[in-house]
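A.B. asks: Got a sequence here, can you build the structure:
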Amino acid sequence: MIKLVFPGRPMSKDNCKIRNKQGYYYLPMEYKEYEKNIQLQFIKQRPMGFQAFQGAVSLRVWVYFQDNRCLDISNAPKSVFDALNRFLYKDDKQISELHIFKCFDKDNPRIELTAEEI
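C.D. replies: Down below sits the predicted model:
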């Protein structure tokens, strides 16, 4: 089992998309930096010698928002799941079991998760 904490305000991928003049959607640099930060935090926190999970994965996720004017709980961790592709697991389609908990911490918004291969 691996335990991880990603400090900062959770960012939803769906809420970040911007439409250009041609009608195509793209993700702004702020979102790309958020994903990169998740990956750097993972590298700092992973156990020595950790290899990405190869099989089915079980996740327990605690999403800490600053207040009630928050993101949809189902959208908030998706950014983290995508960012962890090739780091925690080969692909987030390996997630076979998922429990998400909505929490509040005015002073310390973050996402905490535990993961294990099942």
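A.B. asks: Any buried residues in the longest helix along the chain, and which?
C.D. replies: The single longest helix within the chain, with elements called by DSSP state H, is helix 29-45. Judged by neighbour count (16 or more other CB atoms under 10 Å), helix 29-45 contains these buried residues: 31, 34-35, 38-39, 41-42. From N, CA and C alone the C-beta is placed, and that goes for glycine too.
A.B. asks: Please tell me how far that helix is from the chain's geometric centre.
C.D. replies: Its chain's C-alpha centre and that of helix 29-45 lie 9 Å apart, by CA atoms, centre = their mean, to the nearest Å.
A.B. asks: same deal with stretch 55-67?
C.D. replies: Taking mean C-alpha positions (CA atoms, centre = their mean), stretch 55-67 and its chain are 8 Å apart.
A.B. asks: Need the contact partners of it.
C.D. replies: Outside stretch 55-67, the residues that touch it by CB atoms under 8 Å, 6 or more residues apart in numbering are 9-10, 71, 73, 76-77, 80-81, 88-89, 94-106, 108-118.
A.B. asks: Please enumerate the strands of the chain.
C.D. replies: Using DSSP state E, the strands of the chain run over 2-7, 18-19, 25-26, 57-65, 95-104, 110-117.
A.B. asks: nearest to G49, of these?
C.D. replies: Using CB to CB as the measure, strand 2-7 is the one of the strands of the chain that comes nearest G49, at 12.0 Å.
A.B. asks: who does the closest one pair up with?
C.D. replies: Within its sheet, strand 2-7 is paired with strand 110-117 (antiparallel), according to DSSP bridges.
A.B. asks: what about the protein, any weak spots by pLDDT?
C.D. replies: 12-28, 70-71 (pLDDT under 70).
A.B. asks: centroid residue for it?
C.D. replies: Nearest to the mean C-alpha position of the chain, counting by CA atoms, centre = their mean, stands V80 at 1.4 Å.
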